[in-house]
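Novice: Fold the following and give me the result.
(one chain, ligands or ions: 1)
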Amino acid sequence: MQTALTQVVLFCRAGFERECAGEMQELAANQGVYGYPQFEPASGYVLFICTEPGGAYKLIHSLPWQQPVFTRQWAACLPTLGAVPKQDRVGWLVQAMADFPQGGEVWVEAPDSEQGGQLQTLCRKLTPPLASALRKAGKLSEKRNLKQPRLYVAWLTEQQVVVGLAKPANAAPWPQGIMRLKFPAGAPSRSTLKLDEAWRFFLSAEEQQSWLQPGMTAVDLGAAPGGWTWQLAHQHFRVTAVDNGPMDEALMESGLVKHRQEDGFTYVPERPVDWMVCDIADKPSRSIDLMARWFEQGWCRFSVFNLKLPMQKRLAAYQQCREVFESRMQAAGLQVEMRWRQLYHDREEITAFVRLLD
Ligand SMILES: C[S@@+](CC[C@H](N)C(=O)[O-])C[C@H]1O[C@@H](n2cnc3c(N)ncnc32)[C@H](O)[C@@H]1O
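Specialist: All right, here's what the predicted structure looks like:
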């Protein structure tokens, strides 16, 4: 069965197919899995065709799902199926999965793109009857079981469907790989969701408990109007918000926030802080230089920051920034852990979490 899965379907932010494809080709090669990507611009997905039998299955089991920055969701799939007959979609899909092992859940989804949006309703409607037909055929466990494979259907276009398998423990736990968050009442800007998502994505529940503790100190560079500062204050941090722009008045009344109307690139903290976060949109090379300086100077132990990607060569820009940061930490004799991701709430940017190791 594993060798029949010849490709990996990857979901990404629409418009970032090239980055998703290029990155996966490199990461796969590092795992000894070779192949080539196929994609249409703005489609929100990439097909990574593996050149050796078993490659697709190996890839989704050996590469940690959080590692690719530009991939939101994945599954190892059979070759692309043509249009599914409208009169019996369920029967046809059950037939297509005839050789699969029993799954512990079934997911039917479309990419997060303009075209994919039109297929979402169909995916939602199809899931319950498909689940019961698969159960009847012995292909789906009675109860949801995350130890068994996830049976996966990706409705890519009207005419193209792929069916495959994913390992629940090594795939995004959210539909389409998107962590949907509720906007918190009282937060001053939608940007607040970026820091919320970053913490939830990068930190396990235990890490959140030990690394986000009341009483910690933080600097928020490029803070106005205060969405990220709101998140920091919500954790009962004492926050210095650095921005020439105005901060939200209600947030300032909390008493937890000091506002410094200064340039974030030249601001020097009075004393080191636990966290530095930065949402300034600037050239990636300038931003990464600032982030590296904070760690070199010992001004913070933890950071979440954004890198705004240029219009062209976005994958190269990210890789270059990462290398610069890593080599500066090495030169300074600092050991850090870095995690990167294009989060759902990121648009033209990516987010990094950095932690100084003890
Ligand atoms: C995307 S907004 C930040 C939104 C904020 N994180 C929030 O959640 O409300 C970017 C901010 O960076 C600020 N900014 C731009 N260049 C800056 C600089 N050199 N120093 C400090 N702030 C800067 C802008 O004034 C703007 O308020």
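
Novice: Get me the contact residues on this protein for the ligand.
Specialist: The chain comes close to the ligand at residues 188-189, 191-192, 221-228, 242-245, 263-265, 279-281, as judged by C-beta under 6 Å from any ligand atom. C-beta here means a position set from N, CA and C on the backbone, and glycine is covered the same way.

Novice: ok, of the residues you listed, which come out buried?
Specialist: Applying 16 or more other C-beta atoms under 10 Å to the residues of the chain next to the ligand, the neighbour count classes 188-189, 191-192, 221-228, 242-243, 264, 279-280 as buried.

Novice: Grab the nearest non-local neighbour of the one residue in the stretch 51-200 of the chain that gets nearest to the ligand.
Specialist: Across the stretch 51-200 of the chain, no residue is closer to the ligand than residue 191, which sits at 3.1 Å (C-beta to the nearest ligand atom). Spatial nearest neighbour of residue 191, chain neighbours left out: residue 227 (3.9 Å); criterion: C-beta to C-beta, 6 or more residues apart in numbering.

Novice: next one: residue 262
Specialist: residue 242 (5.6 Å).

Novice: And that neighbour, how close does it get to residue 350?
Specialist: 22 Å (C-beta to C-beta, to the nearest Å).

Novice: where along the stretch 1-150 of the chain do the helices fall?
Specialist: With DSSP state H, counting those that start in this stretch as the criterion, the stretch 1-150 of the chain has helices at 17-30, 55-62, 89-96, 114-136.

Novice: now the ones you listed as TSV including mean neighbour count and distance to residue 304?
Specialist: TSV is the format used below for those (neighbours: other C-beta atoms under 10 Å; distance: least, C-beta to C-beta, whole Å):
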stretch	mean neighbour count	distance to residue 304
helix 17-30	19	21
helix 55-62	21	28
helix 89-96	16	41
helix 114-136	16	29
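
Novice: circling back to that earlier point, next step: the buried ones among the residues of the chain next to the ligand restricted to helices.
Specialist: Per DSSP state H, helices hold the following members of these: 192, 227-228.

Novice: Can you redo those as TSV, where the extra columns are pLDDT?
Specialist: Conversion of those to TSV gives the following (pLDDT from 0 to 100):
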residue	pLDDT
192	98
227	98
228	98
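
Novice: follow-up on the earlier one: wait, the residue nearest to residue 191 sits on residue 184?
Specialist: No: if you go by C-beta atoms under 8 Å, residue 227 and residue 184 don't touch, sitting 9.4 Å apart.

Novice: what sits in contact with each of the two?
Specialist: residue 192 (C-beta atoms under 8 Å, 6 or more residues apart in numbering).

Novice: who's in contact with residue 67?
Specialist: Contacts of residue 67 by C-beta under 8 Å, 6+ apart are residue 27.

Novice: ugh, typo on my part, it should be residue 275
Specialist: Taking C-beta under 8 Å, 6+ apart as the test, what residue 275 contacts is 216-219, 232, 237, 300-304.

Novice: Same question for residue 18.
Specialist: 39, 41, 314-315.

Novice: just to revisit the earlier point, give me the subset of the contacts of residue 275 that lies in strands.
Specialist: 217-219, 302-304 (DSSP state E).
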